[in-house]
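>>> next come a sequence and a model predicted from it.
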Amino acid sequence: LPMIRLILVSPVVEELERRRFDIRPVLESFSITRENFFNPDFWVPAAKMYGLFEAFAELTNDPYFGVRQGELLNPWDWSPTARAAQKSANVVEFLLRFMADTQDDVNSCEYTLNTSGDRTTLHERRLSDGGTVPRHNDGYTITYLLSMIRGAVGKAWNGNSVLAQVCDPGVIPPGYLGIRSAKTDTLGARITFPTDWLLLPFGSDSRQQNSGLARAKKSPLPNIVDAFQFSI
């Protein structure tokens, strides 16, 4: 059963509260409490997470909700990114270490890195869309991945060389970071960038930004029976 650790989006709850939105009806409709967002051992089915993001976007009436929330994150605070940043000498090593390490927090997707000539694509591939069109979750994902890649390549960053593919390009603000956007299916956002970037030294600015904050870790529930019982 695809599951996501709910604490990963706790900054979203804090931001909505700061802006004085009443999120209680939304949480009640998904049978989630505020405390659940700050429990490192609390997991939710991926489809519930996708639906939650759509409901938050509707509550705020923000067409770019996922992107705006993703901008609030420091990507170097998430433990897979932080550890990869500490150990990597170049961009490709950083991305490979990140991809190998994410399964401790999410088992609803997997990352692939595909190179074809002078273009490379980083894809967060969902195992299932849960019957939901995860529009704003795609926006959130793209923003996080863009922040990560921008930090990794440093001064070599050029938005005109980047293509972001999401299930609904309308969730990305026009002209965002100079990138181009395109439509793809509901099974995961992806970013395409120049292959040359993979060979660059890992950005020193990102090492300085990396606060080393690591989320409490616990492996995903080991089998479908345990996962189903936890979900119930």
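Yes, it's here. Numbers count the residues shown, from 1 in each chain.

>>> how many neighbours does P63 have?
Using other Cβ atoms under 10 Å, P63 is surrounded by 17 other residues. Using the backbone N, CA and C atoms, a C-beta is placed for each residue, glycine as well.

>>> ok, it touching V171?
Yes. Using Cβ atoms under 8 Å, P63 is in contact with V171, at 6.9 Å.

>>> so the spatially most central residue of the chain, which of the three states?
Centroid-nearest residue in the chain: T141, 3.5 Å away (criterion: Cα atoms, centre = their mean). For T141, the assignment made with DSSP: H, G, I helix; E, B strand; the rest coil gives helix.

>>> how near is it to G117?
Look at T141 and G117: by Cβ to Cβ, to the nearest Å, they are 25 Å apart.

>>> re earlier: which residues touch the residue nearest to the centre of the chain?
G66, G70, E124, G188, A189 (Cβ atoms under 8 Å, 6 or more residues apart in numbering).

>>> just the buried residues of those residues.
Among those, those buried by neighbour count (16 or more other Cβ atoms under 10 Å) are G66, G70, E124, G188, A189.

>>> doesn't C109 make contact with the fourth one?
In other words, G188. Yes. Contact criterion Cβ under 8 Å: G188 and C109 qualify, at 6.2 Å.

>>> which neighbours do the two share?
With Cβ under 8 Å, 6+ apart, G188 and C109 have common neighbours E124, R125, R126.

>>> may I see the buried residues of stretch 133-149?
Buried residues in stretch 133-149 (16+ other Cβ under 10 Å): 134-149.

>>> can you tell me which helix or strand of this protein has the lowest average pLDDT?
Here the helix or strand of the chain ranked lowest by mean pLDDT, DSSP states H and E is helix 204-209, holding a mean of 50.

>>> and C109, what does it touch?
C109 touches P2, A46, E124, R125, R126, L127, G188, counting by Cβ under 8 Å, 6+ apart.

>>> ignore the last one, F98
The contact partners of F98, taken as Cβ under 8 Å, 6+ apart, are P80, T81, A84, Y111, M148.
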